[in-house]
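Engineer: everything below, folded, please.
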Amino acid sequence: MRNRYILLLVIVMNVFVASAQQFHGGVTGGIAGTQVAGDTYSGYNKAGIFLGGYVNIDVGEKSALQMELTYFQKGSRENPTEKNGYVSYILRVNYIEMPVLYQYKAGKFIIEGGPSAGFLLSHYEEVNQDVISETPDYNNPARITLQINLGFRYFVSDKFGVGLRTNNSMLNIFSRNQTGDVRRIFDYGRYYDALVLSVFYQIK
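Structural biologist: Numbers count the residues shown, from 1 in each chain. I've put the predicted structure just below:
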């Protein structure tokens, strides 16, 4: 099933690129600071990789639509300290994400926002250095997630730029509810939050 998701996303991206020669395209990569809202371990303490490609097309003098296909590492981390009773926790999750963004251009600045769908590739969870094995009673991370993205880009040169983006889940990221869950607009549960600092290079 996982391979089918990846294949579908690659096909959609290829069709998107091939359907019109006036599309622009490029590559992007960076680092994300992530947390899980509701797990009581506050703070963007889990670092992860953000890497992928994008295509976009102008839909007006100052507007564009952009589609991306990215590999995104998320999760949560709590390091043992005297204050927390020397509790340690780590959640590592790897997703393929496909954002569809509206962009508003203001000179070299681009303001962007839109939804993204995430497809789980793998996960790892550890509490006090004990690995949590997946069993029928295991509370699995969501196989498919829905996020909202907001951020901006800045062109340092004609082809090279930097970006900053927030990426926040809108639906519960676990298969069942648990102690500490919070409410967020559509649902009650736990949610990925990420701050992404990236660079990009526009090939065309």
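Engineer: SS state for the residue located most distally from the centre of the chain?
Structural biologist: Here the chain reaches farthest from its C-alpha mean at E82, the gap being 32.0 Å by Cα atoms, centre = their mean. Classification of E82 by DSSP: H, G, I helix; E, B strand; the rest coil places it in coil.
Engineer: likewise I90?
Structural biologist: Classification of I90 by three-state DSSP places it in strand.
Engineer: quick check: buried residues in stretch 187-194?
Structural biologist: Using 16 or more other Cβ atoms under 10 Å as the burial criterion, the residues of stretch 187-194 that qualify are D187, G189, R190, Y191, Y192, D193, A194. Where you see a C-beta, it was placed from the backbone N, CA and C, and this is true even at glycine.
Engineer: tell me where the model's unsure across this protein.
Structural biologist: For the chain, the stretches flagged by pLDDT under 70 are 1-22, 133-137.
Engineer: where do the helices of this structure begin and end?
Structural biologist: For the chain, the helices defined by DSSP state H cover 2-18.
Engineer: so the residue lying closest to F186 once chain neighbours are set aside versus Q147, what's the distance?
Structural biologist: Spatial nearest neighbour of F186, chain neighbours left out: M170 (5.6 Å); criterion: Cβ to Cβ, 6 or more residues apart in numbering. With distances taken as Cβ to Cβ, to the nearest Å, M170 is found 7 Å from Q147.
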